[in-house]
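Chemist: sharing a model that was predicted from the sequence below.
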Amino acid sequence: MKILVATQKPFAAAAVNGIKEILTQAGHEVALLEKYPAQEDLTAAVADIQAMIIRSDKVTAEVIAAAPELKIIVRAGAGYDNVDLAAASARGIVVMNTPGQNSNAVAELAVAMMIYMARTQFTPATGSEIAGKRLGVQAFGAVGRLVGAKAKALGMSVCALDPFLKDEQIQAGGAEPVHSLEELYAGSDYLSIHIPALPSTIGSIGYDLISRMPKGATLVNTARKEVIDEAGLEKVLEERPDLKYITDVAPDNYEALKEKFGLRVFATPKKMGAQTAEANINAGLAAARQIADYFATGNTRFQVNR
Ligand code: 3PG
């Protein structure tokens, strides 16, 4: 089989080498498309492939239509909102992710972001400490749990909301369960977002929730920019000069926010949560193994489009 590794944001070399090794040893051919300048480059590269490994690369209906032999897409990472699942399912293409493989990298960044904002973006202004503060975790999945554990180790108290988990499961993960978004936002000095981008979550965090946060609170977004209602965020930041926002996914109105709110807002120049050598290796190699296994045994354990 021919497998395309399409990564607009490339993996570390060690991950690419590992992927090639796993797939060639399993008898497959590997093609690499990195840092491609235009979406058309991706569309052009899929004509003769049977499988692909991607990151946040956009596998649209157009890309799928241009890949008549495609059988499996593995998103080396957690979120698969970049894949047109309906178009893939309509063709019987299996879509998988590699859950948990890059979680630690994202969790470390979320903690770093809290400290960065607490210390006024590493400027000499007097900052604050995160120890003794309360962290709210919105969605207690692989990343959320790790953020909670790291925050506890740094002296924070941690609460979490997750509609898919029982209280005991949240407690077992070391956090105090809360039962509504309103309660979560109202009680969190730091609020770390870990929800996926779904029709039900897009634009779901806006004025109503953010304005409930306590004095001096910071909202940390290492999830997706789409879950924030940007106009609502801007309005709250205007009304509440004590609030801060830091994100790994620049909002569309970032320039306006920066101009208006200065050191109270920060966005990374390019999504970097999962951009560590370790996460690249974990997620990249897991993706390669899942593809090799799928072709060898039909294993669809991590399929997301059932
Ligand atoms: C994920 O969903 O796994 C993260 O957002 C990482 O995305 P990336 O592979 O584009 O860095």
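Modeler: Everything's here; your move.
Chemist: how about the strands in the protein?
Modeler: Counting by DSSP state E, residue ranges of the strands within the chain are 2-7, 29-34, 51-54, 72-75, 94-97, 134-138, 157-161, 176-177, 190-193, 218-221, 244-247, 265-267.
Chemist: would you turn those into a markdown table with distance to the ligand?
Modeler: Any C-beta I mention is one placed from the backbone N, CA and C, and that applies to glycine too. As requested, these are exported to a markdown table (distance: least, Cβ to the nearest ligand atom, whole Å):
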| stretch | distance to the ligand |
| --- | --- |
| strand 2-7 | 8 |
| strand 29-34 | 13 |
| strand 51-54 | 8 |
| strand 72-75 | 7 |
| strand 94-97 | 7 |
| strand 134-138 | 16 |
| strand 157-161 | 19 |
| strand 176-177 | 25 |
| strand 190-193 | 12 |
| strand 218-221 | 11 |
| strand 244-247 | 12 |
| strand 265-267 | 14 |
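Chemist: what about residue 119, how many residues close to it?
Modeler: Counted by other Cβ atoms under 10 Å, the residues lying close to residue 119 total 16.
Chemist: quick one, what contacts the residue nearest to it when sequence neighbours are not counted?
Modeler: Nearest residue to residue 119 in three dimensions, chain neighbours excluded: residue 127, at 3.9 Å (Cβ to Cβ, 6 or more residues apart in numbering). With contacts defined as Cβ atoms under 8 Å, 6 or more residues apart in numbering, the neighbours of residue 127 are 118-120.
Chemist: ditto for residue 181
Modeler: 138, 161, 209.
Chemist: pLDDT below threshold where in the stretch 1-150 of the chain?
Modeler: Within the stretch 1-150 of the chain, no range satisfies pLDDT under 70.
Chemist: isn't residue 67 right up against residue 49?
Modeler: Yes: with contacts counted by Cβ atoms under 8 Å, residue 67 reaches residue 49, the gap being 6.1 Å.
Chemist: would you mind telling me which of those two has the busier surroundings?
Modeler: Set residue 67 next to residue 49 and count neighbours by other Cβ under 10 Å: residue 67 wins out with 25 against 21.
Chemist: circling back: and the contacts of residue 127 as TSV, adding distance to residue 105?
Modeler: Shown next, in TSV, are the contacts of residue 127 (distance: Cβ to Cβ, whole Å):
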residue	distance to residue 105
118	21
119	21
120	25
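Chemist: ok, of those, which one's closest to residue 220?
Modeler: residue 118 (10.8 Å; Cβ to Cβ).
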